[in-house]
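K.L.:
sequence isn't available, so here's the structure alone:
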């Protein structure tokens with residue numbers, strides 16, 4: 001059941017507290033003023049499913065949830081640490097709206113709500129905040145700088161053998177669940193994770209440490225990887241036979257549970273088949289496009305950015321656009337909801353989505369600073385009403401504007417670093433592309449709130 005408003009924060013115990021405890025620090029007080037606007041919760045009230053408004057168990061107030069997520073992104077805490085720190089702090093309790101005598105929501109409640117609300121609602125709250133800044137706080141979007149960055153997924157460095165190990169383990173686990181539902185006579189999915197793990201250890205220890213990077217070592221790596229692919233293929237055949245058996249015997253009581261379990265097993269088999277196909281292509285020396293790098297986060301992709309210390313990153317590309325009131329050094333502005341796609345899109349593929357955000361908000365920046373990865377004709381066609389500066393490709397003819405816009409564009413690199421260090425955009429802890437969009441959306445919202453609190457402080 002949806003709840004927009006929380007309970008009363010003040011209690012009789014507050015009268016006994018010192019005034020320093022009852023009053024919020026300056027930064028939290030300014031954030032509290034911004035978040036007190038009921039318009040920020042309007043996107044949640046409008047888009048929450050109708051069935052959740054009057055059915056189900058009561059959940060926490062949405063204003064409490066939004067404030068907890070803002071604290072989380074500003075601090076970098078995990079869900080469990082967030083609950084502990086808020087429970088132990090009078091100031092944080094008062095900021096999020098939890099009285100001294102009440103208990104802070106369980107971390108699983110916050111985590112599940114973050115996934116359920118999704119990225120669209122968070123982006124809409126960000127748009128409402130930017131519109132509020134333009135209308136009520138005299139924020140002028142004179143200039144904009146745009147650049148893309150990789151937000152890493154929460155996965156380990158992938159290898160074909162490690163993916164094969166994960167695939168065999170998952171198929172065995174899902175198969176065991178389905179076998180328990182079918183009962184006697186069910187097709188068995190053999191757990192080949194031990195055999196796959198043995199080959200993975202041989203690749204990492206024996207071959208990697210003793211033989212180095214010789215030709216013989218590479219041949220043994222390919223041989224062992226091919227063996228893991230064969231193990232996966234056998235598990236796939238058994239899993240598909242078991243799923244077909246479950247669908248054929250799904251009659252009467254418990255039929256839906258069998259069908260749902262069979263569907264999960266088929267989905268796992270499809271992912272495992274992708275792993276087996278990648279291993280076959282690698283052995284044949286074929287180029288692998290749209291590579292799967294994780295079974296836990298199947299949307300993540302390898303992205304090459306040409307960095308010396310990290311040639312490839314695994315995750316998602318997000319295009320960040322910052323609106324500022326001027327182009328002076330140290331300018332700090334508001335960031336639009338980030339544009340993104342699965343894979344490794346180039347800059348101009350994401351720019352139309354950024355331009356659509358400007359149109360939705362009714363903003364037309366006079367100057368737009370871009371890096372050299374943007375194409376001048378395509379960028380000018382996407383942003384026809386703005387003067388474009390593209391580093392090394394399209395610049396003003398005079399020296400002073402050229403130097404000013406070059407310095408302004410360079411600040412985008414520092415802003416991205418700031419967002420990664422301070423607001424959690426270095427790595428998404430939510431799985432899948434929607435999870436990464438949600439994670440980045442909360443980080444952008446927290447940054448924009450801090451920006452407005454600084455402007456009004």
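P.N.:
Yes, it's here. Because the structure is a prediction, the values reported are computed rather than measured.
K.L.:
packing partners of the longest helix seen in the chain?
P.N.:
Looking across the chain with DSSP state H, the single longest helix is helix 215-248. Secondary-structure packing of helix 215-248 (3 or more Cβ pairs under 8 Å, 6 or more residues apart in numbering; DSSP states H and E): helix 160-182, helix 193-201, helix 255-283. Heads up, the C-betas are built off the backbone N, CA and C, glycines and all.
K.L.:
give me the angle between it and helix 255-283.
P.N.:
Comparing the axes of helix 215-248 and helix 255-283 via axes from the mean of the first three to the mean of the last three Cα atoms, to 10 degrees yields an angle of 160 degrees.
K.L.:
next, the buried residues of helix 215-248.
P.N.:
The neighbour-count check on helix 215-248 (16 or more other Cβ atoms under 10 Å) flags 217, 220-222, 224-233, 235-236, 238-240, 242-243, 245-246 as buried.
K.L.:
domains for the protein, by residue range?
P.N.:
Listed by automatic domain parsing, the domain ranges of the chain are 12-119, 139-156+299-439, 160-283.
K.L.:
returning to what we had before: any idea which of the helices and strands packed on helix 215-248 gets closest to residue 128?
P.N.:
With Cβ to Cβ, the closest approach to residue 128 among those belongs to helix 255-283: 36.7 Å.
K.L.:
what's the burial count for residue 295?
P.N.:
Neighbours of residue 295 under the rule other Cβ atoms under 10 Å: 19.
K.L.:
same check, this time on residue 164
P.N.:
Look at residue 164: counted by other Cβ under 10 Å, it has 31 neighbours.
K.L.:
wait, doesn't it sit right on residue 275?
P.N.:
Yes: taking Cβ atoms under 8 Å as the definition, residue 164 is a contact partner of residue 275 at 5.8 Å.
K.L.:
okay, and the common contacts of the two?
P.N.:
Any residue near both residue 164 and residue 275 by Cβ atoms under 8 Å, 6 or more residues apart in numbering counts here, and that gives 229, 232.
K.L.:
any idea of the pLDDT on residue 157?
P.N.:
pLDDT, residue 157: 88.
K.L.:
give me every residue that touches it.
P.N.:
residue 314.
K.L.:
if you set the cut-off to 10 Å instead, what comes out?
P.N.:
Residues near residue 157 by Cβ atoms under 10 Å, 6 or more residues apart in numbering: 293, 312, 314.
K.L.:
max-length strand in this structure?
P.N.:
strand 312-324 (DSSP state E).
K.L.:
give me the contacts around the helix or strand just after that strand.
P.N.:
For strand 312-324, the succeeding helix or strand toward the C-terminus, using DSSP states H and E, is strand 334-335. For strand 334-335, the surrounding residues in contact (Cβ under 10 Å, 6+ apart) are 126, 129-130, 133-134, 139, 141, 144, 320-325, 361, 363, 415, 419, 423, 440, 443-445, 447-449, 451-452, 455.
K.L.:
direction included, what does strand 334-335 pair up with?
P.N.:
strand 312-324 (antiparallel) (DSSP bridges).
K.L.:
now stretch 32-43: average pLDDT?
P.N.:
For stretch 32-43, mean pLDDT rounds to 89.
K.L.:
now the terminal residues of it, how far apart.
P.N.:
For stretch 32-43, the separation between the terminal residues is 19 Å (Cα to Cα, to the nearest Å).
K.L.:
again with stretch 359-371
P.N.:
End-to-end distance of stretch 359-371: 22 Å, with Cα to Cα as the criterion.
K.L.:
for it, buried residues please.
P.N.:
Using 16+ other Cβ under 10 Å as the test for burial, stretch 359-371 gives 361, 363, 365, 367, 368, 369, 370, 371.
K.L.:
same check, this time on stretch 259-268
P.N.:
Using 16+ other Cβ under 10 Å as the test for burial, stretch 259-268 gives 261, 262, 265, 266, 268.
K.L.:
what is the closest residue to residue 427 other than its chain neighbours paired to in the beta sheet?
P.N.:
Spatial nearest neighbour of residue 427, chain neighbours left out: residue 152 (4.5 Å); criterion: Cβ to Cβ, 6 or more residues apart in numbering. Counting by DSSP bridges, residue 152 is bridged to residue 315, residue 427.
K.L.:
need the contact list for residue 152.
P.N.:
300, 303, 310, 313-316, 420, 425-428, 436.
K.L.:
can I get the buried part of those residues as one PyMOL selection?
P.N.:
To isolate the buried members of the contacts of residue 152 in PyMOL, using 16+ other Cβ under 10 Å:
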select buried, resi 300+303+313+314+315+316+420+425+426+427+428+436
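K.L.:
with mean pLDDT added, can I get the helices and strands packed on helix 215-248 in JSON lines?
P.N.:
JSON lines is the format used below for the helices and strands packed on helix 215-248 (pLDDT from 0 to 100):
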{"stretch": "helix 160-182", "mean pLDDT": "94"}
{"stretch": "helix 193-201", "mean pLDDT": "94"}
{"stretch": "helix 255-283", "mean pLDDT": "95"}
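K.L.:
ok now the longest strand of the chain, how far from the chain's centre?
P.N.:
11 Å (Cα atoms, centre = their mean, to the nearest Å).
K.L.:
next one: stretch 95-102
P.N.:
Relative to the centre of its chain, stretch 95-102 is centred 29 Å away, using Cα atoms, centre = their mean.
K.L.:
distance between the ends of it?
P.N.:
Separation of the first and last residues of stretch 95-102 by Cα to Cα is 14 Å.
K.L.:
what comes up buried for that stretch?
P.N.:
Within stretch 95-102, the residues that count as buried by 16+ other Cβ under 10 Å are 95, 96, 97, 98, 99, 100.
K.L.:
and if you look at stretch 175-185?
P.N.:
Neighbour-count burial for stretch 175-185 [16+ other Cβ under 10 Å]: 175, 178, 179, 181, 182.
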